[in-house]
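Chemist: return a 3D structure for these sequence lines:
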Amino acid sequence: MTSFETDGDAGLHGDFGLLSPVSASPLVAALTGDRAVLAALLKVEAAWAAVLDDAGLAPAGSAALVAAAADVERYDAAGIAVRAQGGGNPVIPLLADLREQVRALDTDRLGAVQAVHTSLTSQDVLDSALMVLAAGAVRQLGSQLTAATSALAGLAEAHAQTLCVARSLTQHSLPFSFGLRAAQWFAGLAAAARRLEALELPVQTGGAAGTLAAGTLLTEKLGPTGGTGLTPFDLADRLAARLGLAAVPAPWHTNRLAVTSLGDALAAVTDAAGKIAADVLFLSRPEVAELAEPRAAGRGVSSAMPQKQNPVLSVLIRSAALQAPALAAQLHLAAANFNDERPDGAWHTEWTALRQLLRLALGAAGQLRELAEGLQVYPAAMRRNLDLAGPLLLSEAVNATVAPLLDSARIAEGADPGSGSSGKQRLQNVVDRTLRAPAADQAATYRKLLREAVPEELLTDAGIEELLDPANYVGQATAITRRILAAYPEFTARQAAAAHPPRNGASHG
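Modeler: Below is the predicted model of the structure:
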């Protein structure tokens with residue numbers, strides 16, 4: 001073992017995620033770690049050998065030998081990684097080891113090694129392997145997103161009538177409902193999940209320059225009878241079927257839309273998760289206290305302050321959301337620089353960017369599921385914060401209702417419509433004068449000035465109080481919530497309840 005190598009299972013120099021706690025998970029490592037990459041590469045090679053064996057383009061029995069040799073436990077991932085520097089990708093050293101294993105297992109001298117990698121190129125194997133890797137990660141990611149969206153749908157339904165305050169540019173704006181806020185969280189995550197589900201992850205088989213020249217030679221001249229009746233496209237389709245990938249009309253060595261589309265879909269997941277985390281981080285501040293993360297032993301603690309309950313789930317989710325856009329941008333930068341028929345470096349920059357996106361999305365989704373399923377909701381605190389702005393919060397509603405009354409009264413009195421202050425201007429004056437009062441006095445000041453500005457024959461005291469009730473000015477919040485949930489039925493709590501019993505939405509007065 002050299003100073004650059006580790007033992008066969010990460011060993012002393014392994015990357016365990018100490019500096020990336022959002023994705024430091026055995027599940028994430030199993031789905032995206034180097035051993036998972038190695039297993040995917042071997043799966044592609046074994047599947048290709050099976051395609052050739054089935055088609056009569058390799059010695060009969062080759063597929064079984066290659067499959068046995070493709071056991072990931074036979075290979076030293078760390079050693080292959082170091083040796084990959086010699087050819088610029090891990091497929092080259094892996095092939096040397098795979099062929100050696102096949103020869104050792106081929107005790108009957110079938111010549112099974114002829115089935116290994118025949119007519120393929122390194123990019124075919126690595127691109128296909130990364131799609132296989134992504135497919136497994138996306139399946140797990142979809143499961144986590146379904147659970148999280150189910151929990152969010154439950155919150156939206158349970159709190160459809162829970163009043164809170166909307167905030168615009170950091171300031172209180174209008175009455176709102178927490179149900180609608182949760183529904184908007186749900187909408188972003190469900191849309192991202194649906195986009196992810198719609199992805200087609202393609203197989204890659206182009207040969208050395210994307211012309212299928214070696215594959216053509218193989219199918220036309222090297223069959224047992226001098227021809228098989230198959231084309232390289234048939235072989236590619238059969239490989240896709242074996243790997244569970246999408247068949248494609250042509251190789252895509254330098255057309256990287258499959259990669260950028262996957263990256264964009266993963267970034268959309270972290271975007272949606274990041275929005276939720278950002279809201280929870282603000283709403284769980286002690287001075288706001290409308291929400292709290294679920295508690296767990298050892299979570300949210302501080303190394304110095306025993307009283308701290310840090311919202312660490314949201315912190316980790318947000319950390320993923322802040323990293324993902326740059327990684328997606330890296331994929332686009334690479335795609336735009338795929339020169340020639342195989343690029344000199346751009347392709348190589350995809351690998352780590354795509355894998356890190358998978359890791360971040362998986363990690364964030366797992367944290368988000370726990371957050372959504374256990375989120376603590378405090379309606380009393382929401383009402384307290386809603387009342388901080390007092391009746392000023394309803395000034396839009398007052399303007400819409402009262403300004404026309406004041407204008408009509410002036411006209412009825414014979415005033416020139418173009419002279420004097422309009423009803424809207426008079427009401428704005430009420431607001432301006434109120435804002436000059438101390439904050440503690442503004443509610444009473446606004447009511448007093450509004451009463452003085454509006455004759456009682458136009459609007460009674462009861463009418464004013466009705467206008468100033470925030471529950472009467474939430475528009476179509478409940479209907480919007482219902483429409484959002486109806487737009488994504490496959491992600492609502494009802495659809496996922498059997499698989500994921502709801503635990504969220506604990507409400508505290």
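
Chemist: quick one, phi/psi of residue 292?
Modeler: phi -150, psi 140 (degrees, to the nearest 10).

Chemist: give me the number of residues near the nearest residue to it once chain neighbours are set aside?
Modeler: Counting by C-beta to C-beta, 6 or more residues apart in numbering, the nearest residue to residue 292 once its immediate chain neighbours are dropped is residue 376, at 4.0 Å. For every residue, glycine as well, the C-beta is placed using N, CA and C. Neighbour count of residue 376, defined by other C-beta atoms under 10 Å: 16.

Chemist: next up, the contacts around residue 376.
Modeler: By C-beta atoms under 8 Å, 6 or more residues apart in numbering, residue 376 lies in contact with 291, 292, 293, 294, 506, 508.

Chemist: can I get these in JSON lines with secondary structure?
Modeler: Putting those into JSON lines (DSSP: H, G, I helix; E, B strand; the rest coil) gives the following:
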{"residue": "291", "secondary structure": "strand"}
{"residue": "292", "secondary structure": "strand"}
{"residue": "293", "secondary structure": "coil"}
{"residue": "294", "secondary structure": "coil"}
{"residue": "506", "secondary structure": "strand"}
{"residue": "508", "secondary structure": "coil"}
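
Chemist: which of those residues are buried?
Modeler: In those, burial by neighbour count holds for 291, 292, 293, 294, counting by 16 or more other C-beta atoms under 10 Å.

Chemist: center of the protein - which residue?
Modeler: Centroid-nearest residue in the chain: residue 269, 1.4 Å away (criterion: C-alpha atoms, centre = their mean).

Chemist: off-centre distance for stretch 309-323?
Modeler: Stretch 309-323 sits 14 Å away from the centroid of its parent chain (C-alpha atoms, centre = their mean, to the nearest Å).

Chemist: strands of the stretch 301-450 of the chain, start to end?
Modeler: Taking DSSP state E, counting those that start in this stretch, the strands of the stretch 301-450 of the chain run over residues 376-377.

Chemist: which parts of it are helices?
Modeler: 312-336, 346-374, 379-388, 395-412, 423-435, 442-453 (DSSP state H, counting those that start in this stretch).

Chemist: how about those in JSON lines, adding mean pLDDT?
Modeler: Listed next are the helices of the stretch 301-450 of the chain as JSON lines, based on pLDDT from 0 to 100:
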{"stretch": "helix 312-336", "mean pLDDT": "98"}
{"stretch": "helix 346-374", "mean pLDDT": "97"}
{"stretch": "helix 379-388", "mean pLDDT": "97"}
{"stretch": "helix 395-412", "mean pLDDT": "90"}
{"stretch": "helix 423-435", "mean pLDDT": "94"}
{"stretch": "helix 442-453", "mean pLDDT": "94"}
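
Chemist: winner for burial among these?
Modeler: Comparing the helices of the stretch 301-450 of the chain by mean neighbour count (mean count of other C-beta atoms under 10 Å), helix 346-374 ranks first with a mean of 24.

Chemist: tell me the angle that one makes with helix 312-336.
Modeler: Helix 346-374 and helix 312-336 are oriented at 160 degrees to each other (axes from the mean of the first three to the mean of the last three C-alpha atoms, to 10 degrees).

Chemist: which strands and helices sit next to helix 346-374?
Modeler: With contacts defined as 3 or more C-beta pairs under 8 Å, 6 or more residues apart in numbering; DSSP states H and E, the packing partners of helix 346-374 are helix 26-32, helix 122-158, helix 257-283, helix 312-336.

Chemist: could I get those helices as JSON lines with distance to residue 19?
Modeler: JSON lines is the format used below for the helices and strands packed on helix 346-374 (distance: least, C-beta to C-beta, whole Å):
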{"stretch": "helix 26-32", "distance to residue 19": "14"}
{"stretch": "helix 122-158", "distance to residue 19": "21"}
{"stretch": "helix 257-283", "distance to residue 19": "18"}
{"stretch": "helix 312-336", "distance to residue 19": "11"}
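
Chemist: for the closest residue to residue 254 other than its chain neighbours, give its distance to residue 107.
Modeler: Residue nearest to residue 254 in three dimensions, not counting chain neighbours: residue 338, with 4.4 Å by C-beta to C-beta, 6+ apart. According to C-beta to C-beta, to the nearest Å, residue 338 and residue 107 sit 44 Å apart.
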